[in-house]
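Asks: I'd like to go over a predicted model; first the sequence, then the structure.
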Amino acid sequence: MKEVTRILIADDHPIFRDGLVRTIERTPGYVIVAQVGNGADALKSITELHPDLALLDVSMPEMDGLEVARRVHKLAILTEIVILTMYSDERYFHTALDLGVRGYIVKDSVASELLACIEAVNAGRYYTSPVFSSLLVERNDGRVTSAGALPPFNQLTPAERTILKLVSENKTSKEIGQALFVSTRTVENHRTHICQKLGVKGHNALLQFALENKFKF
């Protein structure tokens, strides 16, 4: 049976938020577990519900979307983050990606890009609106200082370190998901990210790596 993707929406504009809800709810396989209007409630709901994915407005009362992402990152919660923005500010973009945000889309393009973004993030890929393409190319080319310049273990987010530790205990993705209250697919996505960052390839290679290095992370 196909797993349902559990989604949280955080935006302080009710009409825009309702539009997101309608778009998502008419798509099979997606369910809205919470919708809130400010960053503080978004963080509280993410902490309590552990949704697979959270759509966060970059600009919200009480706590902006990037601050929510930063705290989720520090708490090692496995929820994937997608930022919704009205701005093309380069600093916001790179800060978001450094925090492990997987999706970054312009609100003006949400109607045409939202479902494609969710699908990409669900598959373990990045998704950014075309307006950010040049920034992403510069980042990938190494022209922007980012986590890619750090030693391998330092590239891992707190959530990825948590998963790597559980992998070293020989737990399956299903068992890890049950322990961390997220879907197996979310765990698999994070395992893919870890393998990419550590340069680990091959069946069971991550388990072998985790066992050999379990006291280093």
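Replies: It's in.

Asks: CA atoms only: put the helix or strand Lys44 falls within into PDB for me.
Replies: In this structure, Lys44 is located in helix 39-49 according to DSSP states H and E. What follows is helix 39-49, C-alpha atoms only, in PDB (Å, rounded to 0.1, in the frame of the first residue of the first chain):
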ATOM      1  CA  GLY A  39       6.100  30.500  12.700                       C
ATOM      2  CA  ALA A  40       5.700  29.700  16.400                       C
ATOM      3  CA  ASP A  41       2.600  27.500  15.700                       C
ATOM      4  CA  ALA A  42       4.500  26.000  12.800                       C
ATOM      5  CA  LEU A  43       7.400  24.900  14.900                       C
ATOM      6  CA  LYS A  44       5.100  23.600  17.700                       C
ATOM      7  CA  SER A  45       3.100  21.600  15.200                       C
ATOM      8  CA  ILE A  46       6.200  20.200  13.500                       C
ATOM      9  CA  THR A  47       7.600  19.200  16.800                       C
ATOM     10  CA  GLU A  48       4.400  17.500  17.900                       C
ATOM     11  CA  LEU A  49       3.200  15.900  14.600                       C
END
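
Asks: Give me the secondary structure label for Glu160.
Replies: helix (DSSP: H, G, I helix; E, B strand; the rest coil).

Asks: related to what we said a few turns ago, tell me the buried residues in the helix holding Lys44?
Replies: Gly39, Ala40, Asp41, Ala42, Leu43, Ser45, Ile46 (16 or more other C-beta atoms under 10 Å). Bear in mind the C-beta positions are built from the backbone N, C-alpha and C, glycine included.

Asks: Now render these as CSV, adding distance to Val121 and pLDDT.
Replies: Shown next, in CSV, are the buried residues of helix 39-49 (distance: C-beta to C-beta, whole Å; pLDDT from 0 to 100):
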residue, distance to Val121, pLDDT
Gly39, 20, 96
Ala40, 24, 96
Asp41, 22, 97
Ala42, 17, 97
Leu43, 19, 97
Ser45, 18, 97
Ile46, 15, 97
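
Asks: and which of the residues you listed is nearest to Phe93?
Replies: Within the buried residues of helix 39-49, proximity to Phe93 (C-beta to C-beta) peaks at Gly39, which comes in at 18.7 Å.

Asks: What's the separation between the residue nearest to Ala54 when sequence neighbours are not counted and His50?
Replies: Closest residue to Ala54 apart from its sequence neighbours, by C-beta to C-beta, 6 or more residues apart in numbering: Leu8 at 4.4 Å. Using C-beta to C-beta, to the nearest Å, we find Leu8 at a distance of 10 Å from His50.
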